[in-house]
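Enquirer: Please find the sequence and the predicted model below.
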Amino acid sequence: MTRPIRRLLPPGPEQASDQDLLDWYGELPRSGPWVRFNFVASLDGAATYEGRSGTLGDEVDQRVFLLLRRLADVLVVGAGTIRAEGYGGELLSAESQAWRTARGMSPHPPVAVVSASLDLDPDSEFFTAAPVRPIVLTSAASPATRRRALERVADVVDAGTARVEPALMVRALAARGYQQLHSEGGPTLFGSFQAAGLVDELCLTISPLLAGGIGKRISDHVPGQSLQRLQLRQVLESGSMLLLRYTAADSAPGTTSTDTGSLPTGSPSA
């Protein structure tokens with residue numbers, strides 16, 4: 001059993017159950033495609049330590065991290081995160097898969113990896129041990145030789161002509177019936193969605209650690225700077241660790257999703 005998690009905002013129980021957490025995170029402010037990002041960061045802003053994000057979290061962060069996967073229609077991950085973290089084999093426990101099946105969902109969500117360069121190894125466990133055939137989101141300008149190699153082990157989908165465009169990624173996945181997009185990074189992918197104005201939700205764990213060094217921030221590779229206001233919807237606390245949930249400030253209950261084809265686009269490169 002992990003440390004208790006209590007909800008500070010809105011006020012809630014001193015010890016949240018898994019079902020409490022699933023209910024809270026399962027409440028979305030609007031219908032239609034929903035893009036959620038999940039990150040952990042140190043107190044001094046590092047998104048990784050020695051190249052990995054998992055070092056900054058602990059069992060509590062991992063508990064919520066895995067529960068968020070239960071709710072997803074598809075997991076969206078940048079190619080750099082796949083290379084750094086692996087992502088091979090089953091990503092959900094048998095209990096999580098049974099929970100999904102009981103609610104009419106597929107046992108395991110597919111993983112959609114975003115890569116402009118298609119610098120991915122088709123013989124890696126990410127592809128060979130995948131419980132569901134992966135999706136590779138790329139552009140029409142991606143290398144033809146690499147595309148042919150990956151088409152053997154994944155569905156390769158164009159989401160842009162000269163570059164990978166976040167709005168077209170959302171549209172392509174929604175066309176396959178995937179409405180809840182859950183992304184676990186990395187910073188380049190998050191930066192591109194931020195630049196495109198397509199971040200619906202950010203779940204950010206603040207770890208009570210100082211990492212020092214030159215670790216990346218949670219957002220990277222965005223030309224220039226722009227401000228986007230988010231609304232704090234939930235604060236969880238456990239052992240000096242804070243788990244924050246923010247949604248886009250214009251996401252109000254009862255509203256419908258914006259047509260992603262009319263939004264500006266970014267260009268994740270991976």
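Expert: Great, that's in hand.
Enquirer: going forward, measure contacts between C-alpha atoms and count neighbours the same way
Expert: OK.
Enquirer: all strands of the stretch 51-200 of the chain, in order?
Expert: Here the stretch 51-200 of the chain has its strands, by DSSP state E, counting those that start in this stretch, at 74-78, 111-114, 135-138, 155-158, 180-183.
Enquirer: tell me what the third one is packed against?
Expert: This points to strand 135-138. Secondary-structure packing of strand 135-138 (3 or more Cα pairs under 8 Å, 6 or more residues apart in numbering; DSSP states H and E): strand 111-114, strand 155-158.
Enquirer: which one of those is the most hemmed in?
Expert: Ranked by mean neighbour count, the helices and strands packed on strand 135-138 are led by strand 111-114 with a mean of 26 (mean count of other Cα atoms under 10 Å).
Enquirer: Each with direction, which strands does that one pair with?
Expert: Strand pairing for strand 111-114, using DSSP bridges, gives strand 74-78 (parallel), strand 135-138 (parallel).
Enquirer: Just the C-alphas of that strand, formatted as PDB.
Expert: Extracted in PDB, the C-alpha atoms of strand 111-114 (Å, rounded to 0.1, in the frame of the first residue of the first chain):
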ATOM      1  CA  VAL A 111       0.600   3.800 -28.000                       C
ATOM      2  CA  ALA A 112       1.000   6.500 -30.600                       C
ATOM      3  CA  VAL A 113       4.600   7.600 -31.000                       C
ATOM      4  CA  VAL A 114       5.400  10.900 -32.600                       C
END
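Enquirer: chain center to it: distance?
Expert: Put simply, strand 111-114 sits 10 Å off its chain's centre (Cα atoms, centre = their mean, to the nearest Å).
Enquirer: Equivalent analysis for stretch 104-115, please.
Expert: Worked out by Cα atoms, centre = their mean, stretch 104-115 lies 11 Å from the chain centre.
Enquirer: Identify all contacting residues around it.
Expert: 72-79, 82, 91-92, 96-98, 100-101, 131-138, 164, 189, 268-270 (Cα atoms under 8 Å, 6 or more residues apart in numbering).
Enquirer: swap the cut-off to 7 Å and go again
Expert: 72-79, 92, 97-98, 100-101, 132-138, 269-270 (Cα atoms under 7 Å, 6 or more residues apart in numbering).
Enquirer: Let me know the secondary structure of Asp23.
Expert: helix (DSSP: H, G, I helix; E, B strand; the rest coil).
Enquirer: And the pLDDT at the nearest residue to Phe65 once chain neighbours are set aside?
Expert: Leaving out its chain neighbours, the residue that sits closest to Phe65 by Cα to Cα, 6 or more residues apart in numbering is Asn38, at 7.6 Å. Model confidence at Asn38, given as pLDDT, is 97.
Enquirer: Could you confirm Asn38 falls within a strand?
Expert: Yes - under three-state DSSP, Asn38 falls within a strand.
Enquirer: Can you give me the pLDDT of the closest residue to Glu125 other than its chain neighbours?
Expert: Nearest residue to Glu125, sequence neighbours excluded (Cα to Cα, 6+ apart): Gly88, at 4.7 Å. Per-residue pLDDT puts Gly88 at 94.
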